[in-house]
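1. quick check, what structure comes out for this input:
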Amino acid sequence: MNLELRHLKVVCAIAETGSVTKAASTLGLAQPALTAQLQRIERTLGGPLFERDRRGARPTALGELVLARARVLLPAMKGLQDEAARLAGAVDAPRRYRFGGVNSPILGRLVHRLAAEQPQAQITTYASWSVDELAQLVAGGRLDFALAGVCGDSTPPTESGLGWREVAVDPVGVLLPERHPMAGRDEVGLVDLGREQWVAAPGDGCFGDCFAAACARAGFTPRKVFETDIRAGFDLVEAGVAVALCQATFRPVAGLVTRRLAGSPLRWRLMLGWHPDSPAADVADLVLEAAVASYTDSLAAHPDYQAWLTRNPEFGVRLPAPVPPIPGTGVRTA
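-> Numbering: from 1, shown residues only. Okay, here's the model as predicted:
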């Protein structure tokens, strides 16, 4: 048997988890199958890689040697794959735009605008609830741009070397059924919703923590939070089971109303991210301009909010504000 990278991943998984059983679960394999694979690897390398007993699996001297090499080879191969993907993207024609979005309110408008301006362009989209996943896909050359939101002044993930620019910032509102006692107000105090149940979309961002902190400042702890997709969230709100936080430019839905939270205790910044060394960087300014225009177009369905923005210039489209350089890398994110 020839040793392959997948075999090195097996050895690393066992070492990191300290157990063949745990490694099998992590790799999505049956424990007997992983044990048999480890035995084949050990035969190929000429000796046992782990000492195994009831306390788990610990690397032998040979195992330590293999692990030391694997921890160099595996990241190097990952880097090669990422660079190759970015280089391949550089020679593609016609122009390609691959977008990833996390519950983005403007992705559809952005795709429509770019398709109208560049009919020959190849445009694809990918949806995920995870900002981290999208950042990794962009860093790996599998996506060109990520559209994601962050709470308040938080910074999107920069560990993968991505640069981020702000498209717009909005106050977070609340989605209520039309028959709700507070549906007739222009604004609703967060404290007035202290007895409500809530709907939340899944995700790995900081918004849940920001929401909990805002509720604490208002003097209450939120009751039950239902984590669900958007369609089911509509149903829960319409049925009067819960209320939902929503973006100010949320598309109107029959039977539901969007109301601002008094004092704007929560803010949502829509961000566009890309890798500065990718071909996407060459058109990033163009895409950012199209994203801002798409956001502006979305305001047409919300004349009251448009008027509110004129009185509150700290919201909406603001002057460009690059995210600071990534410490220790020299990479500027704008």
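2. now do the strands in the chain.
-> For the chain, applying DSSP state E gives strands covering 50-53, 56-59, 96-101, 122-127, 145-151, 163-171, 173-177, 187-188, 198-200, 225-227, 243-246, 256-261, 267-274.
3. name every strand pairing with the third one and say which way it goes.
-> When you say that, I think you mean strand 96-101. strand 122-127 (parallel), strand 145-151 (parallel) (DSSP bridges).
4. possible to save the strands of the chain as CSV with mean neighbour count, distance to Ala218 and mean pLDDT?
-> Backbone N, C-alpha and C define where each C-beta goes, glycine included. Shown next, in CSV, are these (neighbours: other CB atoms under 10 Å; distance: least, CB to CB, whole Å; pLDDT from 0 to 100):
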stretch, mean neighbour count, distance to Ala218, mean pLDDT
strand 50-53, 14, 54, 90
strand 56-59, 17, 48, 91
strand 96-101, 21, 31, 92
strand 122-127, 14, 32, 92
strand 145-151, 24, 16, 90
strand 163-171, 22, 15, 93
strand 173-177, 22, 13, 92
strand 187-188, 18, 11, 93
strand 198-200, 21, 13, 88
strand 225-227, 14, 16, 85
strand 243-246, 23, 13, 90
strand 256-261, 20, 10, 91
strand 267-274, 23, 15, 92
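5. the strands paired with strand 96-101: which one's closest to Lys224?
-> Distances from Lys224 to each of those were compared using CB to CB; the shortest belongs to strand 145-151, at 21.0 Å.
6. and the closest one, how far from the chain's centre?
-> In terms of CA atoms, centre = their mean, to the nearest Å, the centre of strand 145-151 is found 7 Å from the chain centre.
7. and what of stretch 149-159?
-> How far stretch 149-159 lies from its chain's middle: 10 Å, per CA atoms, centre = their mean.
8. grab the nearest non-local neighbour of Asp144.
-> In space, not counting the residues next to it along the chain, Asp144 is nearest to Ala280; the distance is 3.9 Å by CB to CB, 6 or more residues apart in numbering.
9. for the one you found, report the pLDDT, please.
-> pLDDT for Ala280: 90.
10. correct me if wrong: it contacts Arg142.
-> No - assessed by CB atoms under 8 Å, Ala280 is found out of contact with Arg142, at 11.7 Å.
11. okay, these two: which has more neighbours?
-> Summary of the neighbour comparison: Ala280 and Arg142, criterion other CB atoms under 10 Å, with Ala280 having more neighbours (23 against 17).
12. which residues sit in contact with the more buried one?
-> Counting by CB atoms under 8 Å, 6 or more residues apart in numbering, Ala280 makes contact with 89, 138, 144-145, 274, 287.
13. need those in CSV (columns: distance to Gly194).
-> As requested, those are exported to CSV (distance: CB to CB, whole Å):
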residue, distance to Gly194
Gly89, 50
Val138, 39
Asp144, 43
Phe145, 39
Trp274, 41
Val287, 41
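14. can you tell me which of those residues lies closest to Val237?
-> For the contacts of Ala280, the nearest to Val237 is Phe145 (30.9 Å; CB to CB).
15. could you point out the longest helix of this protein?
-> helix 61-90 (DSSP state H).
16. how far out from the middle of the chain is it?
-> On CA atoms, centre = their mean, the centre of helix 61-90 falls 25 Å from that of its chain.
17. packing partners for that helix?
-> Identification of packing neighbours for helix 61-90 by 3 or more CB pairs under 8 Å, 6 or more residues apart in numbering; DSSP states H and E yields helix 5-17.
18. how far does the helix it packs on sit from its chain's centre?
-> 27 Å.
19. which other helices and strands does it contact?
-> Counting by 3+ CB pairs under 8 Å, 6+ apart, the packing neighbours recorded for helix 5-17 are helix 20-27, helix 31-45, strand 56-59, helix 61-90.
20. per-residue pLDDT of His325, please?
-> Careful, residue 325 is Pro and not His. What the model reports as pLDDT for Pro325 is 49.
21. that older thread, what angle sits between the longest helix of the chain and helix 31-45?
-> Helix 61-90 and helix 31-45 meet at an angle of 100 degrees, taking axes from the mean of the first three to the mean of the last three CA atoms, to 10 degrees as the criterion.
22. next, the angle from helix 61-90 to helix 5-17.
-> Going by the same axes, to 10 degrees, helix 61-90 is angled at 120 degrees with respect to helix 5-17.
23. what are the contacting residues of stretch 225-243?
-> By CB under 8 Å, 6+ apart, the list of residues contacting stretch 225-243 reads 103, 174-177, 179-180, 193, 196-202, 224, 244, 253, 255-256.
24. and which of the contacts of Ala280 is nearest to Val72?
-> For the contacts of Ala280, with Val72 as the reference and CB to CB as the criterion, the closest is Val138, at 25.1 Å.
25. can you pull the contacts of the nearest residue to that closest one once chain neighbours are set aside?
-> Once flanking residues are discounted, Val138 sits nearest to Ala146: 5.2 Å by CB to CB, 6+ apart. With contacts taken as CB under 8 Å, 6+ apart, Ala146 has the following neighbours: 99-102, 131, 134-135, 137-138, 156, 162, 272-274.
26. rewinding a little: what is the mean pLDDT for the longest helix of the chain?
-> Averaged across helix 61-90, pLDDT comes to 81.
27. that concludes my questions; thank you for your assistance.
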